[in-house]
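Asks: Got a sequence here, can you build the structure:
(one chain, ligands or ions: 2)
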Amino acid sequence: MNRFFGYAIGLVCFSWMAVLPVFGQQNAGRPNVLVIYTDDLGYGDLSCYGAVKLHTPNIDRLAKNGLRFTRAYTTSATCTPSRYALMTGQYPWRKSGTGVLPGDAALIVPTDRISLAGVFKKAGYRTGIVGKWHLGLGTAVTKDWNGEIKPGPNEVGFDYSFIFPATADRVPTVFVENNRVVALDPADPIEVSYKEKIGDEPTGKEHPHLLKMKASPNHGHDQTIVNGIGRIGYMKGGKTARWTDEEMPLTFLLKAQEFIGLDSKEPFFLFYSLTEPHVPRMPSTMFKGKSGLGFRGDAILQIDWAVGEILKALEQSGQAENTLIIFSSDNGPVLDDGYVDGAVTQLNGHTPGGELRGGKYSIFEAGMRVPFIVYYPKLVKAGISDVLFSQVDLLASFANFLGVKIPSGDVADSQNQWAALSGRSAKGRTSLVLHGASYSLVQDNWKYIAPSKGPAVYQLTNIESGHSEQAQLYDLSADPGERVNLAEKYPQKMKELAAALKLLTSGNGKQ
Ligand code: NG6
Ligand code: CA
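Replies: Ligands and ions are numbered 1, 2, ... in the order given. Predicted coordinates:
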């Protein structure tokens, strides 16, 4: 070999040696992160969490090859507060105005603090959200829906957003892409009101014969009719911009796939926020009737299918191995949440909350304990994790994983639980505050529920709220269904937890 050739080969090898480890490390250290977040999916709604009447093979595949958590919680039993916590790393009850928002609410996520998306942005990711938002838009309730609607997701860390503003049962029923309503005809401007009827379109209340799905009595889904379904709130205009329910999840899927497939040097963070199985449940035609459990079951099969399609998109773009996927839900299950859709009458023995008591809105376990799967075979060993984990911890955990510094005081309640999240530690949180009908403190296996006033069963939804004027104490290891109140048997424990909860919720305690 002549000298020059040897030198050249040496140089090439050297440069590869120099480049490879760094490149490899970068890939290992900075996977794409995809959070698939469902709306009102219960602890018992997936076959990998014990459902026998519903078969969810794609999500089961994530569970089988990933880490399936049995004690992962949202902070709250409804959507807005849970999402607020996930985005901000702060318990929602620390800030007023974080309850379920109407569709015209102003943005409640602070723009001057780091958010979950902001963590990824700081780490050099391209960040996106596709799907349900429900954290408000703009600076005030009164806003112009026909211009730039700001601030919104793009102002709290997302480079790209394709969302609907609130819930599928609330107006305006439109997509908003990067602050602007999609397909809006300027000649037909949108107006929204949650106070009084506007425009001359029929409402569900006055024209029930126009509905393709009846509203349940007294829930209030009988205002402006869009796509044959009565909504909460009134809107006028924006006729061409309104989505149809059957098509909407497919649009979200497509937008998510597009985002994933973009040619880019940077890893991505995608918050894929599905609307199913939240009401109104009006699945795509190909899923209607498929589950035999009414539209709620069909909507869950639709979620599973979408997950399968997303996995295919990752495979086809060569990113399957380098994408960390988290699958979860924003709060527990509900059957009748406002429409007559077969969820109650065709339940067929399905148990949406599994063995857990209560459901959405409740302070019992089914309100906040949700499916939670971490899938990243490269780093996370397959198995089952029983650690206590909360979605509020995602922010600090990913910050730790990505080496992003969080300004002190920004995310008071988010704990770095990366070791637990990635399956390297069997220890998670030692305690967690839950918030639904009442407040609760989970500490190790104990669960204390503070006394509160209110109906034991919410009449509209037929869900056990957990309200009781007596303090409640449960041993979750022996009694995950919260059947045996041990408050009298262990008065000391009860007092200890009551005091700890009081300290934490009064703002003087840190977990
Ligand atoms: C409730 C609605 C319910 C649903 C929920 C929000 C009534 C009686 N019920 O107030 O239909 O929209 O809010 O769900 O108005 S969540 O998952 O976004 O929190
Ligand atoms: Ca929800």
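Asks: Report how far apart the opening and closing residues of stretch 349-362 are.
Replies: 21 Å (Cα to Cα, to the nearest Å).
Asks: which residues make contact with that stretch from outside it?
Replies: Stretch 349-362 has contacts (Cβ atoms under 8 Å, 6 or more residues apart in numbering) with 40, 42-45, 49-51, 53-54, 77-78, 293, 296-297, 331-335, 337, 364-367, 369, 436-437, 458, 461, 463-466, 480-483. C-beta: built from backbone N, CA, C; applies to glycine.
Asks: Buried ones among these?
Replies: Neighbour counting over the contacts of stretch 349-362 (16 or more other Cβ atoms under 10 Å) leaves 40, 42-45, 49, 51, 53-54, 77-78, 293, 296-297, 331-335, 337, 364-367, 369, 436-437, 458, 461, 463-466, 480-482 as the buried ones.
Asks: thinking again about what came up before, so which of the contacts of stretch 349-362 are in strands?
Replies: Among those, the members found in strands (DSSP state E) are Tyr458, Ile463, Glu464.
Asks: quick one: the first one and Gly466 touch, right?
Replies: This means Tyr458. No - between Tyr458 and Gly466 there is no contact under Cβ atoms under 8 Å: 10.2 Å.
Asks: in this protein, which ranges drop under the pLDDT threshold?
Replies: 1-29, 508-511 (pLDDT under 70).
Asks: Go back to the contacts of stretch 349-362 and keep what's next to ligand 2.
Replies: Asp40, Asn331 (Cβ under 5 Å from the ion).
Asks: near ligand 1 too, which of the contacts of stretch 349-362?
Replies: Asp40, Thr78, Asn331, Asp337 (Cβ under 6 Å from any ligand atom).
Asks: Look up how far Glu266 lies from the nearest residue to Tyr160 once chain neighbours are set aside.
Replies: In space, and not counting its chain neighbours, Tyr160 is closest to Gly128: 4.0 Å by Cβ to Cβ, 6 or more residues apart in numbering. Separation of Gly128 from Glu266 (Cβ to Cβ, to the nearest Å): 12 Å.
Asks: more crowded one of those two?
Replies: Between Gly128 and Glu266, Gly128 has the larger neighbour count (other Cβ atoms under 10 Å), namely 25 against 15.
Asks: Pull the contacting residues for that one.
Replies: Phe158, Asp159, Tyr160, Ser161, Phe162, Phe259, Phe268, Phe269, Leu270, Phe271.
Asks: ok, so of those residues, who is nearest Lys132?
Replies: Relative to Lys132, the closest of those is Phe271; by Cβ to Cβ it sits at 9.9 Å.
Asks: nearest to ligand 2, of the ones in strands among the contacts of stretch 349-362?
Replies: Proximity of the ones in strands among the contacts of stretch 349-362 to ligand 2 (Cβ to the ion) peaks at Ile463, which lies at 13.3 Å.
Asks: beta partners for the closest one?
Replies: As for beta bridges, Ile463 partners with Tyr458 under DSSP bridges.
Asks: Checking the nearest residue to Tyr490 once chain neighbours are set aside next. Helix, strand or coil?
Replies: Of all residues not flanking Tyr490 in the chain, Leu473 sits nearest, at 6.2 Å (Cβ to Cβ, 6+ apart). Three-state call for Leu473 (DSSP: H, G, I helix; E, B strand; the rest coil): strand.
Asks: Roughly how far does Leu473 sit from ligand 1?
Replies: 28 Å (Cβ to the nearest ligand atom, to the nearest Å).
Asks: what sits against that residue?
Replies: Counting by Cβ under 8 Å, 6+ apart, Leu473 has contacts Trp446, Lys447, Tyr448, Ile449, Asn485, Leu486, Ala487, Tyr490, Lys493, Met494, Leu497.
Asks: In this protein, what residue lies closest to ligand 1?
Replies: Cys79 (3.1 Å; Cβ to the nearest ligand atom).
Asks: Ile36 touches Tyr272, doesn't it?
Replies: Yes - using Cβ under 8 Å, Ile36 is in contact with Tyr272, at 5.0 Å.
Asks: Mutual contacts of these two, please.
Replies: By Cβ under 8 Å, 6+ apart, the residues touching both Ile36 and Tyr272 are Ile310.
Asks: what is the residue nearest to Tyr490 paired to in the beta sheet?
Replies: So, taking DSSP bridges as the rule, Leu473 has Tyr448 as bridge partners.
Asks: What spatial separation is found between it and ligand 2?
Replies: 28 Å (Cβ to the ion, to the nearest Å).
Asks: Give me every residue in the stretch 201-350 of the chain lying close to ligand 2.
Replies: Going by Cβ under 5 Å from the ion, the residues of the stretch 201-350 of the chain near ligand 2 are Asp330, Asn331.
Asks: Spell out which parts of the stretch 1-150 of the chain neighbour ligand 1.
Replies: Asp39, Asp40, Thr78, Cys79, Val100, His134.
Asks: Closest to Ser431 out of those?
Replies: For those, the nearest to Ser431 is Thr78 (21.7 Å; Cβ to Cβ).
Asks: That closest one against Asn331, yeah?
Replies: Yes - the pair Thr78 / Asn331 is scored as a contact, 5.4 Å apart, by Cβ under 8 Å.
Asks: so when I look at Ile163, I'm seeing a strand, right?
Replies: Yes - counting by three-state DSSP, Ile163 is located in a strand.
Asks: ok, and the closest non-adjacent residue to it?
Replies: Trp133 (4.1 Å).
Asks: Can you give me the distance of the one you found to Ala168?
Replies: Taking Cβ to Cβ, one finds Trp133 at 12 Å from Ala168.
Asks: between these two, who's got more neighbours?
Replies: Trp133 (25 against 22).
Asks: And the more buried one, how far from ligand 2?
Replies: Relative to ligand 2, and taking Cβ to the ion, Trp133 is found at 12 Å.
Asks: With ligand 2 as the reference, measure out to Glu365.
Replies: Taking Cβ to the ion, one finds Glu365 at 16 Å from ligand 2.
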